[in-house]
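Enquirer: Provide a 3D model corresponding to the input given below.
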Amino acid sequence: MNKAQLFSRRPGATVDFGPDVAPNSPHVQLRRLSAYLKADNALASTIEDCPEALEYAREYAYRKIFTGTSHEDFIATDRVSPDAVDWLIAVHEVETAAHLEKRNR
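Expert: Here you go, the predicted structure:
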């Protein structure tokens with residue numbers, strides 16, 4: 001059992017990641033998100049089947065880059081400038097790729 005399934009089974013948990021075949025269940029959304037993350041290219045128009053997973057993945061990516069950011073900080077930034085969140089994540093990916101390429105020369 002993976003950690004998400006294990007932790008979601010605790011008393012009072014609001015999300016259950018246990019196996020569920022319902023189209024928008026948390027389990028199915030995570031499975032789809034995993035497939036998108038493994039893919040080299042995904043059309044934006046095709047990613048409509050895991051909205052909650054994508055929103056949480058977006059916050060996770062932003063907060064992983066800006067480690068001192070709280071959930072409340074992220075929400076405030078996203079409310080004021082959602083484009084900045086997306087741009088900063090994208091710039092981080094480009095900068096990291098360039099750094100790794102230089103390091104591996």
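
Enquirer: With adjacent residues omitted, what lies nearest to residue 18?
Expert: In this structure, residue 18 finds its nearest non-sequential neighbour in residue 5, 5.3 Å apart by C-beta to C-beta, 6 or more residues apart in numbering. Every residue, glycine included, has its C-beta placed from N, CA and C.

Enquirer: Show the contacting residues for that neighbour.
Expert: 17, 18, 19, 27 (C-beta atoms under 8 Å, 6 or more residues apart in numbering).

Enquirer: which one of those residues has the most neighbours?
Expert: Sorting these by how many neighbours each has (other C-beta atoms under 10 Å) puts residue 17 first, at 21 neighbours.

Enquirer: Is that residue in contact with residue 28, as I believe?
Expert: No: look at residue 17 against residue 28 with C-beta atoms under 8 Å: they stay out of range, at 10.0 Å.

Enquirer: Pull up the gap between residue 36 and residue 78, please.
Expert: 20 Å (C-beta to C-beta, to the nearest Å).

Enquirer: that older thread, just the ones in helices from the contacts of residue 5, please.
Expert: Within the contacts of residue 5, residues falling in helices by DSSP state H are residue 27.

Enquirer: would you list the contacts of residue 5 in TSV and tack on distance to residue 53?
Expert: As requested, the contacts of residue 5 are arranged in TSV below (distance: C-beta to C-beta, whole Å):
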residue	distance to residue 53
17	10
18	15
19	16
27	10
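
Enquirer: Pick out whichever of the contacts of residue 5 sits closest to residue 57.
Expert: Residue 57 has its nearest neighbour among the contacts of residue 5 in residue 17, at 14.1 Å by C-beta to C-beta.

Enquirer: That closest one: what's it in contact with?
Expert: Shown in contact with residue 17 (C-beta under 8 Å, 6+ apart): 2, 4, 5, 8, 26, 27, 30.

Enquirer: Weed out the non-buried ones from those residues.
Expert: For the contacts of residue 17, a neighbour count by 16 or more other C-beta atoms under 10 Å gives the buried set as 8, 26, 27, 30.

Enquirer: The third one - nearest residue in space that isn't next to it in sequence?
Expert: The one in question is residue 27. Using C-beta to C-beta, 6+ apart, the closest residue to residue 27 is residue 20 (4.7 Å).

Enquirer: Good, wrapping up.
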